[in-house]
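K.L.:
sequence first, predicted coordinates after that:
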Amino acid sequence: MATSVGFIGVGNMGNPMALNVLKAGFPMTVFDLNPKAMANLVDAGARRAASAREVVDGVEIVLTSLPASPDVEAMYLDAGGLVERANPETILIDLSSVLPSTPRKIEPRAIARGVHFLEAPVSGGVSGAQAGTLAIMVGGDAQALKRAEPVLRPIGPNIFHVGPVGAGNTVKAINNMMASVNSLAMMEGLVLGVKAGLDPMTIYEVVKASSGGSKALERIPRALVPRKFEPGFKVALMNKDLETFNTIAKELHVPVSFSNVAQRYQQAAMAAGLADHDTSAAVLIIERLAASQVSKGDPK
Ligand code: NAD
């Protein structure tokens, strides 16, 4: 019989990840604080639980995709939370991006109860989650990962076992710092180019064929020219990931530069009321500083 799976937190990322696991034939129970977020999964055959605790009662593997460390620590470690409630041998897997200290707190508590725990932050955005092509950065016990792999594969084929718990979220923070810095550098260049009289799509085509190109360029046709800023990946969540990178840097006494600048832009965007917009909305701050707009029209 197929492994029974629970999925808690089915927002922008969790929802398409859960749908792909469900479509791969794993019987699924779901829970989210927002009932609307579960509707399409229930239509596709998932069972709706009344609480997170009800999810963990009846399944062999539980996946969680929650916003940040405080949400994950409360879900796993509070009295009656996942760790306390799970049957021995259950595998709990957190797909959220959190401080490395969070999985390091959870793992020993899980082991003490005979429960397995893995951190498994993901990368590839909502489009990658929909396509089932995410990269998965696993930290924790290799045997538990081996058992969980069939359930993770529908989420993404690139499953990296990077070390003990904490290692997964460290590499995830490094990735997001690089992605954010690439994006902001692209936006600054783009806004300057438009003010200098260039067409934004010309900049896109030329840089794409040149040495300044990166995945960040795809934001130009997708978000910046049409001025479409619905998430995707929220500014507040990127701010959290840059804070994680900066926290790791402080702990290791590594003087870092670019992540601080990148975080300043997320905070300016949050102060401007854009916390729940896509990270591409940072261009609105850069446009204001440059007194120039990439394209005409109001942000959507
Ligand atoms: P989101 O805000 O869209 O989704 C989070 C979901 O968790 C929401 O539906 C919310 O209702 C639910 N939730 C919160 N607390 C809960 C609780 N106690 N019980 C049950 N449900 C609860 O966020 P998202 O974009 O899906 O991101 C989830 C995680 O994945 C974050 O850590 C984020 O940094 C990471 N991530 C996001 C992206 C992206 O492109 N959006 C990419 C990679 C990683």
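P.N.:
Thanks, I have the structure now.
K.L.:
who touches the spatially closest residue to Asp57 that is not a sequence neighbour in this structure?
P.N.:
For Asp57, ignoring the flanking residues on the chain, the nearest one in space by CB to CB, 6 or more residues apart in numbering is Arg85 at 6.9 Å. Every C-beta, even on glycine, is put in place using the N, C-alpha and C of the backbone. By CB atoms under 8 Å, 6 or more residues apart in numbering, the contact set of Arg85 is 53, 56-57.
K.L.:
any idea how far the residue of the stretch 1-150 of the chain found nearest the ligand lies from Phe233?
P.N.:
The ligand sits closest to Gly11 of the stretch 1-150 of the chain, with a gap of 1.9 Å, by CB to the nearest ligand atom. The gap separating Gly11 from Phe233 is 11 Å, by CB to CB, to the nearest Å.
K.L.:
okay, and the residue of the chain most remote from its centre sits in which element?
P.N.:
Within the chain, Gly197 marks the point farthest from the mean C-alpha position, 36.0 Å out by CA atoms, centre = their mean. Using DSSP states H and E, Gly197 sits in no helix or strand.
K.L.:
report pLDDT for it.
P.N.:
On pLDDT, Gly197 comes in at 98.
K.L.:
likewise for Gln263?
P.N.:
Taking Gln263 on its own, its pLDDT is 98.
K.L.:
does it touch Lys240 like I think?
P.N.:
No - counting by CB atoms under 8 Å, Gln263 sits too far from Lys240 to count as a contact (9.7 Å).
K.L.:
rewinding a little: now the contacts of Arg85 in a markdown table, with distance to the ligand and neighbour count?
P.N.:
As requested, the contacts of Arg85 are exported to a markdown table (distance: CB to the nearest ligand atom, whole Å; neighbours: other CB atoms under 10 Å):
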| residue | distance to the ligand | neighbour count |
| --- | --- | --- |
| Arg53 | 10 | 16 |
| Val56 | 12 | 26 |
| Asp57 | 15 | 14 |
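K.L.:
in helices only, show me the residues you listed.
P.N.:
The helices, defined by DSSP state H, take in 53, 56-57 from the contacts of Arg85.
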